[in-house]
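> heads up, no residue letters with this:
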């Protein structure tokens, strides 16, 4: 991981711009298939991003609970935290 200052890595993120909407759920109801397709598109953008590791590190460290960050959705990030010894977003294990 590159450990760029937060503002610097965010400025370099591939998710910036008009495609940013695919990284978070819409304000209206979203079906399971729509969610899977939206996340698939977001993750494809992440795979091409030069700061994917910084983004995922930020999401894990700050407990981002919504959206795709660093190529992982909220369920995948929660699973990572459990494997790392945390009992949920941003909370150390007991």
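Sure thing, it's come through. Computed from a predicted structure; not experimentally measured.

> worst-scoring helix or strand of this protein, pLDDT-wise?
strand 91-92 (a mean of 50; mean pLDDT, DSSP states H and E).

> all helices of this structure, in order?
6-11, 32-47, 52-62, 74-83 (DSSP state H).

> Nearest residue to residue 49 in space, ignoring adjacent ones along the chain?
residue 14 (3.8 Å; CB to CB, 6 or more residues apart in numbering). To be clear about C-beta, it is placed using only N, CA and C from the backbone, and glycine gets the same treatment.

> Verify the contact between residue 19 and residue 45 for me.
Yes. Look at residue 19 against residue 45 with CB atoms under 8 Å: they come within range, at 6.2 Å.

> Neighbour count: these two, which is higher?
Neighbours were counted for residue 19 and for residue 45 using other CB atoms under 10 Å; residue 45 has more, 19 against 12.

> center of this protein - which residue?
The residue lying closest to the centre of the chain (CA atoms, centre = their mean) is residue 69, at 1.2 Å.

> Now that residue. Nearest residue, chain neighbours left out?
Closest to residue 69 by CB to CB, 6+ apart is residue 59, at 3.4 Å.

> Same check on residue 84?
Nearest residue to residue 84 in three dimensions, chain neighbours excluded: residue 60, at 7.8 Å (CB to CB, 6+ apart).

> The residue nearest to the centre of the chain is in contact with residue 77, isn't it?
Yes. At 7.0 Å, residue 69 counts as touching residue 77 under the criterion of CB under 8 Å.

> Mind listing the shared neighbours of these two?
56, 59 (CB atoms under 8 Å, 6 or more residues apart in numbering).

> what about this structure, any weak spots by pLDDT?
1-6, 86-94 (pLDDT under 70).

> let's see it at 80
Residues of the chain meeting the criterion pLDDT under 80: 1-7, 86-94.
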